[in-house]
Each structure stands twice: as structure tokens, then as C-alpha cells.
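Novice: can you look at this prediction? I've put the sequence above it.
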Amino acid sequence: MKYNLNSTKDVTSSDLLVLPVFGEDKELKFTSAWDKSLKEFFNGLTLAKNFKASAGETVFFNSIEGQNFVALGLGSKKGFSIENLRREMAKLATGSKMKTKSLTLSLESLKIKGLDSTINAIVEGMELATYAFDEHLSKKAECTLEVVNLDTKEKAASVKKLQKVIDETLLVTQSIAIARDFVNSPPNVLNSETYAKAVKKDVSKINGVSVKINGKKELKKMGAGLFLSVNAGSAFEPQMVHLTYTPKKVTKKTKHVALVGKGLTFDTGGYSLKPGGSMVNMKFDMAGSATMFAAFRAAALLELPVKVTCVLGMTDNAVNEHATMPDSIVTGRSGTTVEILNTDAEGRLVLADCLDYTCDLKPDAIIDAATLTGACLVAVGSETAAVLGNDDKLIGSLLKSAKNTSEYMWQLPIIPEFHEDMKSNIADLKNIGGSRFGGTAKAAAFLENFIKDDISWAHLDIAGIGDSQGHLPYCPKKGASGLVIRTLVDYLRNA
Ligand code: BES
Ligand code: ZN
Ligand code: ZN
């Protein structure tokens, strides 16, 4: 979609003028987009009789001169938030009555907090909502809306700043679209090798970014036995993709943040095979890596003054005659031995070696993201991400960024008892706990064993929110959500 600020080009007679209205106790509160004559005209329409301006309610109408209008209901003005705006803009852009190629919005009529955050929410809502995964459809998805004209009374200098907000927001939403494409890609197209290649290709033109890919040979050399044990039954090479973004100016104060992601291009469960119903959709088991990649990519394109490392552990979890058998004891890169009691608890094994590798880079903080446990959906529901870790300050910053971007995130505890439960009597650790309770936190307790030198670490379990977040108008009903990326970009902005 194209966004024009104060531009008359692309505005045609078919352009739709959006007229927001709040609805308060059955009373209509017309915003500044309406002038007196328009209000009178609207009030005289039979169409408008039952209009209550509740959120998402629309009345499309024409003036005598033939101009197209839509009265856009926003619900109560009290408590109308940036997130409300994001959602209403998403609904507007994808609504079934949206038949025009271009529309015009008066920024002042929608202003909440500052114009910056207003524009940001408009662009995010519309861009995220009009995403479609149509690569494999013979008939491509059609989005009628192509141009959004944003009208403002601001002076030229402020308009320039607002244009920057649009451009920066688009860098983030485009990165989210790339992450969604990766997650939605089927496993016969996206495997560890094609995935790593696609990531490498994508960042090749971004300033300040370097790429290193550790394949099977390198992983063997570094003794990443846990990662390799997951890949043992695979037809494809494991790929540990290591990306680095170095900002133009680096001083002693420059923060170094590492993002680590679980990139299971498909999770069959291995010998501990998933039942058919639970296996469907396990192409999305690489959502953690796609999330981290998108946040990394956005940070580099935004030229944020923070050094960012991104380590993505890519493989599938498949079965062949070489696949790891339950009861195996495997040694990780750190020398820690793990009794593998369930080959379906594979994400933590891949992450363990990736985290150990990342610690050697001595970042100030490590954040990992993974579709790690089904238990996460039981603990916090399928609409919330769980955050755990060893540093409440880091967790607090992530929770704050989640709040800033209106994403749902909740902290779970890692208590000593969970650590105790992850110990094996014949190896240093086992890869599953002794009961089905607290699965998300026990997986995190397992991961904590691979964090060296007291490095600040936070783990995001996105098993619930990775896909199918249709309750949000800016997420597809089915398929990758792209959630948490905005939280991470906000965190990196403030790092
Ligand atoms: N990828 C799954 C986690 C998952 C399950 C995500 C369902 C989304 C929906 C992970 O590898 C897994 O299978 N975990 C097991 C762990 C168990 C064996 C301790 C699980 O959650 O059942
Ligand atoms: Zn699994
Ligand atoms: Zn998995």
C-alpha cells in the first residue's frame, strides 16, 4: 500500500473520504473530519438512522456531487486507545464494503497521544491486515485498496517528520510480512537449507550486516551434539545461521543484544512421534527464528544504534534409520550431557547449543524465542506470549515494550524445584520433566543451564501466539501472526 501525506495526487473522484465518529451513550460525536453541512446531510439520510457509531460500524454514502464518504464508527471515545485505532484501521482496510482504490483520512480527526503514534497505528493496522500468503494460489489475493492519503494541518517541517514515521513503520511491517511468509511456507519448500539461503539472500543488501552459516561440519567441530541429535533423522543439513548487525557508530556504551530463535522447519516429534492431528501445522515450529530474524532485520534497516546478533537454529525433527532414539544420552557444545527421554522435546536441545554458542559472543543480553511447549497454551492461553528468564530487569523491559506495542506477554517463574526436576540420575540433565505440570517453565529451566557467565537472558515461549490470532483484526485468521516482532523492535529501540 502507498501512503501519501498531504498529497492530492492519486486522489480521484472515486476516492473515499473517511469520516470518523465516536458513539457515546447513543449520541454521535462527530470528529473534526466533518464540517457542518456534511453533518446535516448525513443526519438527513435514511441510511444513517440506525447508525450508533459502535466500533467497526460503517455507513457508506455519496454526496449530491458524487463524492464517496464513509462514516466510520469508533465506539466510545472514553479509553479509545492506540490499539483501538490499530484494530479499527485494520477492519477498515479489509472490510467487505471497501471497494475503492484510495481513501483519505484526516489525521487530526484520529489523533491520540501524538500524531507520530497515530500515524504508526494507522499504517501498522492497515499493512498487517492486508497481508496475504498467496504464493501458492493460482488466483492471487486481491486487495482493492492501494493508496491511503493522510491529510494533516501540520506545517512542512512536521510533515517531514511524519513521513519518517511512515517509512520506519513500513520497514517494520515489511519485516513482519517476511517472517509471516517464512512461517507460512510449507515444509516441502522451506527446509533448513532453503531457509538459511533465503535469510542470507534477504540481508545481503542491508548495510552493516554480516552472515555466517555453521553447517553440519562446523556444528560437529564445535561439539553441538544436542543440535545434531535433533537433525540426525533429517534429509537436510542443520544450519546455525549467525547474523551480525553493527551500527555505524560504535562506542563503549553501545549495547550488544543477541536474539536466538528456534527454527524447526517441521516437527514430527521424531521417534516420539506426534499423533497426526497434533503434527499438522508443525511447519510453524520455526516461528521463533522467523520472529528473531524479522526483529534483527528491522533493527538493521532502522539503523538502530545497538549491536545485534541473531542466531537461528534450523533443522527439522524427522525420522529415519539415523534418528535419535529415546533413552539416548547426548553431549552438548558446553559439555553438558542430556538424557533424551522424549524426542519431541527437541526445541530445547537445538536452543541449548545455540545459547551456549551465543554466550561466547559475550552480549549484554540474550533473548530467545521459540514455539517451545504446548503447555504454554495451557498456562497463559493461546493469545499470550510467556516470558521467563534470569534477569527481572530484562524481563521488565520486555514487558514494557509489549505494553508499548499493545502485545500480550506474561511472566512465568523459574523456581529451583523446576531445575531439580530437569536433572537426570544417569546424565547431567534430562530433556523432559517428571510430570506434565509446569512444562513451559521446566523447559526454560532446562535452557538456563546453557546460559554462561551470568549473562542476562530472557526466553519467550510463543507456542500459543505464533499463528492463528484471528481475534486481532490485523492478524490473519489462520497462519503466521507475526506477533512479538513489534515488541522486540521497541525493546531494541530503547536498548
Ligand atoms: N513444537 C512443540 C511445541 C508445540 C506444541 C507448539 C503444540 C505449539 C503447539 C515442541 O517441540 C513439543 O513438541 N513439545 C512437547 C514437549 C513435551 C514432550 C515435554 C509438548 O509441548 O508436548
Ligand atoms: Zn517437538
Ligand atoms: Zn518443536
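Specialist: That came through, no problem. Note that this is a predicted model, so its numbers are computed, not measured. Numbers count the residues shown, from 1 in each chain. Ligands and ions are numbered 1, 2, ... in the order given.
Novice: contacts only, for Val203.
Specialist: Val203 makes contact with 209, 211, 243, 297, 300, according to C-beta atoms under 8 Å, 6 or more residues apart in numbering. For the C-beta atoms, the positions are set from N, CA and C on the backbone; glycine is no exception.
Novice: Ile340 too?
Specialist: Contacts of Ile340 by C-beta under 8 Å, 6+ apart are 229, 324, 326-330, 349, 430-431.
Novice: close to ligand 1, is the helix of greatest length in the chain?
Specialist: Using DSSP state H to define each element, the chain has its longest helix at helix 156-184. No - figure legend: helix 156-184 not in contact with ligand 1 (C-beta under 6 Å from any ligand atom); closest approach 12.2 Å.
Novice: which element follows that helix toward the C-terminus?
Specialist: Note on helix 156-184: by DSSP states H and E, the next helix or strand toward the C-terminus is helix 192-203.
Novice: ok, the nearest residue to Thr337 once chain neighbours are set aside to ligand 1 distance?
Specialist: Excluding its sequence neighbours, the residue lying closest to Thr337 (C-beta to C-beta, 6 or more residues apart in numbering) is Ala427, at 4.2 Å. In this view, Ala427 and ligand 1 are 16 Å apart by C-beta to the nearest ligand atom, to the nearest Å.
Novice: now do Arg180
Specialist: 17 Å.
Novice: where in this protein is pLDDT low?
Specialist: The chain contains residues with pLDDT under 70 at 7-14.
Novice: before we move on, the earlier item: isn't the residue nearest to Thr337 up against Ile329?
Specialist: Yes - counting by C-beta atoms under 8 Å, Ile329 is a contact partner of Ala427 at 4.8 Å.
Novice: more neighbours, the two?
Specialist: In this view Ala427 and Ile329 are compared by other C-beta atoms under 10 Å, and Ala427 has more residues nearby, 18 against 15.
Novice: and the more buried one, that's in a strand?
Specialist: No - with DSSP: H, G, I helix; E, B strand; the rest coil as the criterion, Ala427 is assigned coil and is not in a strand.
Novice: report the contact partners of it.
Specialist: Counting by C-beta under 8 Å, 6+ apart, Ala427 touches 329, 337-339.
Novice: out of these, which sit inside strands?
Specialist: 329, 337-339 (DSSP state E).
Novice: drop anything exposed from these.
Specialist: Among these, those classed as buried by 16 or more other C-beta atoms under 10 Å are 337-339.
Novice: which among the contacts of Ile340 gets closest to Leu492?
Specialist: Nearest to Leu492, judged by C-beta to C-beta, of the contacts of Ile340 is Leu349 at 27.5 Å.
Novice: thinking the closest one is in contact with Val338, fair?
Specialist: Yes - between Leu349 and Val338 a contact is recorded at 6.9 Å, counting by C-beta under 8 Å.
Novice: of all the ones in strands among the contacts of Ala427, which comes closest to Thr309?
Specialist: Nearest to Thr309, judged by C-beta to C-beta, of these is Val338 at 24.7 Å.
Novice: relative to Asp356, how far out is that closest one?
Specialist: To Asp356, Val338 is 12 Å away according to C-beta to C-beta, to the nearest Å.
Novice: if we can go back for a sec, filter the contacts of Ala427 by proximity to ligand 1?
Specialist: Of those, not one also sits near ligand 1 (C-beta under 6 Å from any ligand atom).
Novice: returning to that earlier point: show me what the longest helix of the chain is packed up against.
Specialist: Packing partners of helix 156-184 (3 or more C-beta pairs under 8 Å, 6 or more residues apart in numbering; DSSP states H and E): strand 2-5, helix 115-129, helix 192-203, helix 287-301, helix 485-494.
Novice: after the second one, which helix or strand is next?
Specialist: The C-terminal neighbour of helix 115-129 among helices and strands, as given by DSSP H and E, is strand 147-151.
Novice: run the chain-centre distance for that next one.
Specialist: On the basis of C-alpha atoms, centre = their mean, to the nearest Å, strand 147-151 is displaced by 26 Å from the centre of the chain it belongs to.
Novice: that one pairs with which strands, and in what direction?
Specialist: Its sheet considered, strand 147-151 pairs with strand 2-5 (parallel), strand 102-106 (parallel) by DSSP bridges.
Novice: residues near the residue nearest to Ala365 when sequence neighbours are not counted, how many?
Specialist: Take Ala365 and drop its neighbours on the chain: the residue closest to it by C-beta to C-beta, 6+ apart is Ser456, 4.3 Å away. By other C-beta under 10 Å, the residues close to Ser456 number 19.
Novice: phi first, then psi, for Ser456.
Specialist: phi -60, psi 130 (degrees, to the nearest 10).
Novice: who in the chain is up against ligand 3?
Specialist: Contact residues, the chain versus ligand 3 (C-beta under 5 Å from the ion): 264, 267, 285, 347.
Novice: with adjacent residues omitted, what lies nearest to Ser185?
Specialist: Nearest residue to Ser185 in three dimensions, chain neighbours excluded: Lys283, at 7.1 Å (C-beta to C-beta, 6+ apart).
Novice: surely the one you found is in a helix?
Specialist: Yes - under three-state DSSP, Lys283 falls within a helix.
Novice: hang on, isn't it packed against Gly263?
Specialist: No - judged on C-beta under 8 Å, Lys283 makes no contact with Gly263 at a distance of 11.5 Å.
Novice: thinking again about what came up before, out of the ones in strands among the contacts of Ala427, which comes closest to ligand 2?
Specialist: Val338 (14.9 Å; C-beta to the ion).
Novice: can you tell me which residues contact Ala129?
Specialist: Counted by C-beta under 8 Å, 6+ apart, Ala129 has contacts 89-91, 93-94, 473-474.
Novice: mind putting these into TSV with secondary structure and neighbour count?
Specialist: Compiled in TSV, the contacts of Ala129 are given as follows (DSSP: H, G, I helix; E, B strand; the rest coil; neighbours: other C-beta atoms under 10 Å):
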residue	secondary structure	neighbour count
Met89	helix	27
Ala90	helix	24
Lys91	helix	20
Ala93	helix	23
Thr94	helix	19
Pro473	coil	19
Tyr474	coil	27
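Novice: dump these into a markdown table; add distance to Ala141 as well.
Specialist: Below are those laid out as a markdown table (distance: C-beta to C-beta, whole Å):
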| residue | distance to Ala141 |
| --- | --- |
| Met89 | 19 |
| Ala90 | 16 |
| Lys91 | 17 |
| Ala93 | 13 |
| Thr94 | 11 |
| Pro473 | 17 |
| Tyr474 | 16 |
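Novice: right, I'll call it a day here.
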